[in-house]
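Novice: Mind looking at a prediction? Sequence and model below.
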Amino acid sequence: MLNPSDLTEVDTDVSSFVKFNGHAETVQKVLDVVKKTAYGVDFVIWGLENQAKIHYAMPLRHMLGDCFSYLKEYNEIAARNRAEKGFQSSDEFLSNLKKTDRLHPVVSLCVYYGENEWDGPFCLTDMLEIPEKLKPLVSDYKMNLIEVRNSEPLRFHNPDVDTVFDVSRSIYERNFDKINTIYRDKKIPAELGVVIGAITESQKLIDQALKSEKEGGQINMCGALEELVDKGRQEGMQKGILANIRTCKNFHISKEDTIKNIAKEFSLPEKDAIEYVEKYW
């Protein structure tokens with residue numbers, strides 16, 4: 001559990017100059033968010049990447065970011081040791097590290113908030129073409145992934161974070177009845193509405209949240225999502241009508257009877273049912 005009050009800012013640029021077998025190259029790598037927090041008696045570096053789209057090289061990106069973070073700290077320790085000239089052996093002098101020097105752990109997290117299910121790699125070996133007999137010899141690198149649309153098993157200590165994930169997930173699932181039931185009389189901070197709107201790409205929700213922020217800072221989710229709810233219901237009804245038309249055609253039911261059936265099943269005026277049948281028959 002991370003407490004916001006314990007987090008301090010860290011430089012997000014971990015770009016580095018890499019030399020290997022005579023080849024030298026500057027590799028640019030900037031993380032979205034980097035924080036440092038006390039954990040026990042020392043500290044841990046936390047890195048965060050926000051992804052709206054599936055990235056099929058994300059484990060490699062994470063590995064590079066973590067590696068460069070370690071390299072950055074190594075260079076800082078090495079520079080300090082060289083300046084202090086406190087090496088106890090030739091081995092320490094060669095590596096620029098004292099035997100007791102330790103790097104601090106780096107933990108990177110990818111938060112993917114796209115609507116489509118993540119079908120990309122989850123670790124480095126997912127990106128490799130490896131003969132089975134070589135797999136035990138290949139070092140893997142696991143990616144820490146949180147997928148908003150599949151985050152139902154997760155429980156967050158912070159209720160605001162829990163709300164963002166719950167509402168965003170429900171919007172992706174078009175589960176507007178759940179939103180209406182749980183959030184009908186519940187107001188949430190407008191800034192959460194902006195975050196949810198950004199995640200789900202709902203400009204209407206963002207506009208409503210920004211307006212509410214100026215008027216008092218609270219937003220009613222059901223009211224703000226009214227347009228999305230209507231859109232979801234319309235999409236659901238349209239899919240049902242198209243399935244109904246296909247079924248009627250497969251069973252050789254006439255257009256006239258299909259129109260009557262659609263008008264009855266979906267409580268539509270006959271002229272609207274006729275329009276659907278003429279359009280999709």
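Specialist: Everything's here; your move. Treat the numbers as computed from the prediction; the structure is a model and nothing was measured.
Novice: all strands of the stretch 101-250 of the chain, in order?
Specialist: Applying DSSP state E, counting those that start in this stretch to the stretch 101-250 of the chain gives strands spanning 106-112, 145-147, 187-189, 218-220.
Novice: Ok, which of those strands comes nearest residue 253?
Specialist: strand 145-147 (42.6 Å; Cβ to Cβ). No exception for glycine: its C-beta is placed from N, CA and C like everyone else's.
Novice: Show residues contacting the closest one.
Specialist: 58, 109-112, 117-118, 122, 154 (Cβ atoms under 8 Å, 6 or more residues apart in numbering).
Novice: Which single one of the residues you listed is nearest to residue 277?
Specialist: residue 117 (33.9 Å).
Novice: can you pull the contacts of the closest one?
Specialist: Counting by Cβ under 8 Å, 6+ apart, residue 117 has contacts 147, 149-150.
Novice: Quickly note the distance from it to residue 178.
Specialist: 19 Å (Cβ to Cβ, to the nearest Å).
Novice: need the strands of the stretch 101-250 of the chain in CSV with mean neighbour count and distance to residue 47, can you?
Specialist: Output for the strands of the stretch 101-250 of the chain, formatted as CSV (neighbours: other Cβ atoms under 10 Å; distance: least, Cβ to Cβ, whole Å):
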stretch, mean neighbour count, distance to residue 47
strand 106-112, 19, 4
strand 145-147, 17, 13
strand 187-189, 18, 26
strand 218-220, 20, 31
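Novice: could those go into a markdown table alongside mean pLDDT and distance to residue 164?
Specialist: Converted to a markdown table, those look like this (pLDDT from 0 to 100; distance: least, Cβ to Cβ, whole Å):
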| stretch | mean pLDDT | distance to residue 164 |
| --- | --- | --- |
| strand 106-112 | 88 | 11 |
| strand 145-147 | 91 | 12 |
| strand 187-189 | 81 | 9 |
| strand 218-220 | 74 | 13 |
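Novice: Out of these, which is closest to residue 163?
Specialist: Across the strands of the stretch 101-250 of the chain, closest to residue 163 is strand 187-189 (Cβ to Cβ), at 5.9 Å.
Novice: Which neighbouring elements make contact with that closest one?
Specialist: In terms of contacts (3 or more Cβ pairs under 8 Å, 6 or more residues apart in numbering; DSSP states H and E), strand 187-189 is packed against helix 159-172, strand 218-220.
Novice: give me the low-pLDDT residue ranges for this protein?
Specialist: Across the chain, residues meeting the criterion (pLDDT under 70) sit at 1-6, 8-45, 215-216, 221-233.
Novice: ok, for residue 280, nearest residue in space, not its chain neighbours?
Specialist: residue 245 (5.2 Å; Cβ to Cβ, 6 or more residues apart in numbering).
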